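Q: 3D model of this:
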Amino acid sequence: MSQITSYTTDIRLDEVASGADLQDDPGWHLLRAAVEAAAVEHHGKVGDHVLDYFLRRRTCDIALYTPAFQRGVGIEVDRATGEVRFLYDDYERPELVAEYREDIMQNFVTLAVARALKDMNYDVEVEDPGRTAGRRRAVVVRGEL
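A: This next block holds a predicted model:
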């Protein structure tokens with residue numbers, strides 16, 4: 001059955017929850033960068049809506065489109081709670097959507113850790129050797145004080 005599904009994350013944008021504009025929350029900039037990095041990795045692009053299987057449009061805060069999944073995997077931020085949710089219709093492509101979700105989450109965590117280390121005056125280098133056959137992706141964050 002085709003329908004837009006919502007997947008709640010553990011990410012909360014506290015400044016949005018406190019009434020700030022989305023663009024004023026530093027977490028939003030990390031999240032946007034995480035989606036943009038996934039777009040580069042998967043030869044995709046970034047937009048502002050997702051489509052269901054029947055091409056009905058639903059607006060969201062940011063979305064990832066790829067040649068392999070043109071309906072898009074979107075992200076929506078609840079303005080009252082700051083809660084971050086993924087939106088998508090994974091009909092016929094659940095494994096691919098799960099991969100994109102995981103890539104965006106891993107990118108976000110990597111960027112957040114790198115930012116935290118930089119804020120503590122570390123010299124930070126992020127290395128992404130990518131995926132190897134049969135193995136998950138690995139990201140290495142190096143910090144030097």
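Q: list the buried residues of stretch 85-104.
A: By 16 or more other Cβ atoms under 10 Å, the buried positions in stretch 85-104 come out as 85-90, 93, 96-97, 99-101, 103-104. Placement of C-beta: from N, CA and C, glycine included.
Q: among these, which lie within helices?
A: Counted as lying in helices by DSSP state H, out of the buried residues of stretch 85-104, are 96-97, 99-101, 103-104.
Q: and those, which is closest to residue 111?
A: residue 104 (10.6 Å; Cβ to Cβ).
Q: any idea how far the closest one is from residue 36?
A: Using Cβ to Cβ, to the nearest Å, residue 104 is found at 10 Å from residue 36.
Q: just residue 22 next, same as before
A: Here residue 22 is placed at a distance of 16 Å from residue 36 (Cβ to Cβ).
Q: for the residue nearest in space to the middle of the chain, report the pLDDT, please.
A: Against the mean C-alpha coordinate of the chain, by Cα atoms, centre = their mean, the closest residue is residue 104 at 3.4 Å. Note for residue 104: predicted pLDDT of 95.
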